[in-house]
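A.B. asks: no FASTA, just this:
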């Protein structure tokens with residue numbers, strides 16, 4: 001139930017940010033207010049509920065346009081919009097949320113905005129003429145919007161950092177793939193690869209809120225992020241290849257454990273090893289590990305996830321799949337003679353390509 005409530009709040013916050021991001025009518029109006037040094041309170045939610053928690057003003061029920069929203073902000077009261085921000089229902093409205101609701105704000109406008117957002121379960125935008133700032137309140141969440149140049153600068157810095165981590169991840173994957181074909185993988189190699197993957201994933205997740213807040217100005221950033229994060233999807237299969245099978249463990253459960261590690265725990269390879277089910281002592285595993293083959297088989301680009309699953313269930317490890325005679329491969333559900341030959345050829349080509357790539361690094 002707690003997770004469900006958090007997810008609902010997160011969705012509500014993202015929707016509110018999207019409604020006031022660059023490229024929207026509301027954001028255009030907010031920019032005009034800031035340029036003219038005007039303050040404003042914009043309440044976005046159920047008109048009836050918001051009307052019950054406010055008083056006075058004038059009922060409009062007019063289509064929202066940047067110009068109209070800007071002109072109405074010259075009045076002292078709040079402006080009430082419907083749930084999707086397409087209609088201005090009231091203007092110059094006096095907000096009357098309960099004084100018993102806790103607020104950590106100091107200014108009158110911001111106190112009313114925070115209390116209104118909490119009581120009405122809505123989104124409230126407070127534009128401050130004195131500080132030239134925009135604060136968004138969504139239920140119990142408070143967020144100060146950054147300026148466009150600041151957001152672009154933060155996004156660029158985060159992308160540069162991610163690019164370095166992805167480069168390190170690619171090297172780890174190259175090394176791991178080579179060791180997998182040689183059947184010389186250790187728990188240290190696996191934990192190192194998972195560490196690079198999870199670090200890259202976390203940096204990528206920090207860029208996503210910037211893209212959301214940038215609105216139409218974040219399209220190029222989003223394209224760059226998508227291109228950079230392609231290796232993460234492939235690298236995430238390392239967990240599936242090497243987690244220790246137990247009745248209480250599954251790839252999804254193990255992956256969740258890794259994602260829940262703190263930053264300090266993630267730096268420690270011992271914590272990753274423990275999450276995989278091998279214990280915290282890396283030296284405790286003195287034998288080589290064998291890959292199940294999910295990641296390498298996905299690199300062939302010729303097999304569906306179901307066929308890969310069938311191959312792993314039939315042979316157990318990548319080495320067994322590579323050594324399997326053609327007739328045994330053909331016997332696997334979904335693998336015919338042509339596909340069996342392609343699998344063998346693709347794995348041999350991948351092995352040769354890895355040798356060339358290793359020689360270049």
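C.D. replies: Received the coordinates, thanks. This one's a predicted model, so the numbers in the text were calculated from it and none came from an experiment.

A.B. asks: could you use CA atoms for every contact and neighbour count after this?
C.D. replies: Will do.

A.B. asks: can you list the low-confidence ranges for the stretch 1-150 of the chain?
C.D. replies: Residue ranges of the stretch 1-150 of the chain with pLDDT under 70: 1-9.

A.B. asks: could you pull out the helices for it?
C.D. replies: Using DSSP state H, counting those that start in this stretch, the helices of the stretch 1-150 of the chain run over 2-19, 25-35, 47-52, 66-72, 108-120, 148-182.

A.B. asks: pick the most buried one from those.
C.D. replies: helix 108-120 (a mean of 22; mean count of other Cα atoms under 10 Å).

A.B. asks: starting at the chain centroid, how far to it?
C.D. replies: Put simply, helix 108-120 sits 29 Å off its chain's centre (Cα atoms, centre = their mean, to the nearest Å).

A.B. asks: ok, now stretch 44-58?
C.D. replies: That offset, for stretch 44-58, works out to 34 Å (Cα atoms, centre = their mean).

A.B. asks: straight-line length of that stretch, end to end?
C.D. replies: Using Cα to Cα, to the nearest Å, one end of stretch 44-58 lies 16 Å from the other.

A.B. asks: what's the closest of the helices of the stretch 1-150 of the chain to residue 96?
C.D. replies: Closest to residue 96 of the helices of the stretch 1-150 of the chain, according to Cα to Cα: helix 108-120, at 7.7 Å.

A.B. asks: ok, residues contacting that closest one?
C.D. replies: Residues from elsewhere that reach helix 108-120 (Cα atoms under 8 Å, 6 or more residues apart in numbering): 41, 49-50, 53, 95-99, 101-105, 122-126, 137-140, 142.

A.B. asks: stretch 194-211 too?
C.D. replies: The contact list for stretch 194-211 (Cα under 8 Å, 6+ apart) reads 151, 154-155, 158-159, 161-162, 165-166, 168-169, 172, 218-219, 221-222, 225, 229, 232, 235-236, 238-239, 258-259, 266-267, 269, 272.

A.B. asks: who touches the residue nearest to residue 56 when sequence neighbours are not counted in this structure?
C.D. replies: Computed as Cα to Cα, 6 or more residues apart in numbering, the closest residue to residue 56 that is not its neighbour in sequence is residue 93, at 5.4 Å. Listed by Cα under 8 Å, 6+ apart, the contact partners of residue 93 are 54-58, 77-80.

A.B. asks: for PyMOL, write a command that selects the buried ones of those.
C.D. replies: To isolate the buried ones among the contacts of residue 93 in PyMOL, judged by 16 or more other Cα atoms under 10 Å, type:
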select buried, resi 54+55+57+77+78+79+80
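
A.B. asks: take the contacts of residue 93 and lay them out in CSV including distance to residue 194.
C.D. replies: Below are these laid out as CSV (distance: Cα to Cα, whole Å):
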residue, distance to residue 194
54, 53
55, 57
56, 59
57, 58
58, 59
77, 54
78, 51
79, 50
80, 49
